[in-house]
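In: need the 3D shape of this:
(one chain, ligands or ions: 1)
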Amino acid sequence: MTVLDEIIGGVRDDLAERQRRLPESALRDRVAEARPALDAAAVLRAAADVQVIAEVKRASPSKGPLAAIPDPAELAAVYERSGAAAVSVLTEQRRFHGSLADLDAVRAAIRIPVLRKDFVVTPYQLWEARAHGADLVLLIVAALGHRQLAELTELARELGLTVLTEVHDEDEIERALAVDASVIGLNARDLKTLEVDRTAFARLAPRIPPGVVRIAESGIRGPQDVAALAAHGADAVLVGEALVTGEGGPGTVLTALRNAGRR
Ligand SMILES: O=P(O)(O)OC[C@@H](O)[C@@H](O)c1c[nH]c2ccccc12
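Out: A predicted model of the protein is given here:
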């Protein structure tokens with residue numbers, strides 16, 4: 001069993017519990033009342049400079065607890081003030097110590113697009129994402145079968161969500177393109193082994209056709225990494241650990257990353 005399989009097992013257990021407490025019909029009612037999603041793809045596509053998607057990340061499976069984040073709303077506000085294009089909120093509980101409460105807090109605090117970052121395997125989680133105000137949702141190709149990826153992509157679009165389709169190799173890029181992914185995240189971390197390969201973006205980005213937004217995810221340590229990714233055609237970078245653990249605080253780190261991504 002891979003790490004990814006283990007995580008998904010826990011996600012499914014937690015999900016069953018939430019579904020017992022709140023039926024999908026109730027979520028659908030909330031979605032009907034919700035403010036429509038922001039067009040996050042347009043935001044990312046419009047910019048010349050490398051955009052930063054800043055992540056609210058408390059812990060990770062590889063490192064354990066990363067940072068005490070007493071107030072995710074305050075962190076998200078710092079991200080917004082420092083020029084993040086969007087904020088990613090991890091909602092997975094067991095390994096990342098996130099929650100839908102974090103998503104709610106962030107959503108209420110900022111006006112820029114919010115990504116629900118989780119291991120989405122069922123439609124219920126997409127309804128949840130929208131009901132809690134997310135504009136974007138992550139779909140991890142490695143976590144989904146062909147039918148599942150197609151169906152979840154379609155429902156997400158119906159809900160007005162921008163899908164960030166996450167890949168880690170050539171085959172997964174083909175699968176993402178087969179569902180017409182418009183925003184692709186190349187994760188440098190292999191979720192099956194948790195190993196980071198910093199050469200992945202340079203190698204794989206040329207396989208993604210122009211017009212598709214290309215996001216480099218994971219393992220970005222500082223300005224030098226962003227400059228290299230910019231040279232290889234990244235439209236955006238998704239950064240968690242370096243922001244929540246970096247010297248000088250998240251605002252200072254984010255500003256330095258943005259400066260490194262100027263074109
Ligand atoms: O903290 P980092 O190395 O900057 O990584 C952020 C983000 O890419 C990472 O949290 C991530 C990318 N894809 C995921 C899928 C699930 C959970 C987490 C992730």
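In: now the terminal residues of stretch 182-190, how far apart.
Out: Counting by C-alpha to C-alpha, to the nearest Å, you get 22 Å between the two ends of stretch 182-190.
In: what about that stretch and the ligand, touching?
Out: Yes - counting by C-beta under 6 Å from any ligand atom, the ligand has neighbours in stretch 182-190: residue 187. (Glycine included, C-beta is placed from N, CA and C.)
In: what does that stretch contact?
Out: With C-beta atoms under 8 Å, 6 or more residues apart in numbering as the test, stretch 182-190 has contacts from 40-41, 44, 62, 136, 138, 140, 162-168, 173, 176, 195-198, 200-201, 204-205, 208, 212-219, 238.
In: mind running it again at 6 Å?
Out: Residues outside stretch 182-190 that contact it (C-beta atoms under 6 Å, 6 or more residues apart in numbering) are 41, 164-166, 168, 176, 196-198, 200-201, 204, 208, 212-213, 215-219.
In: please report the distance of residue 108 from residue 81.
Out: Going from residue 108 to residue 81 by C-beta to C-beta, to the nearest Å gives 16 Å.
In: just to revisit the earlier point, whichever of the contacts of stretch 182-190 end up buried, select them in ChimeraX.
Out: Only the buried entries of these go into this ChimeraX selection, using 16 or more other C-beta atoms under 10 Å:
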select :41,164,165,166,168,176,197,198,200,201,204,208,212,213,215,216,217,218,219
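In: got the contact list for the residue of the chain found nearest the ligand?
Out: The chain approaches the ligand most closely through residue 240 (2.9 Å), counting by C-beta to the nearest ligand atom. By C-beta under 6 Å, 6+ apart, the contact set of residue 240 is 55, 57.
In: among the contacts of stretch 182-190, which are within reach of the ligand?
Out: Within the contacts of stretch 182-190, those near the ligand by C-beta under 6 Å from any ligand atom are 166, 217, 218, 219.
In: may I see the residues you listed arranged in JSON lines, with secondary structure and pLDDT as well?
Out: Putting these into JSON lines (DSSP: H, G, I helix; E, B strand; the rest coil; pLDDT from 0 to 100) gives the following:
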{"residue": "166", "secondary structure": "strand", "pLDDT": "98"}
{"residue": "217", "secondary structure": "strand", "pLDDT": "98"}
{"residue": "218", "secondary structure": "coil", "pLDDT": "98"}
{"residue": "219", "secondary structure": "coil", "pLDDT": "97"}
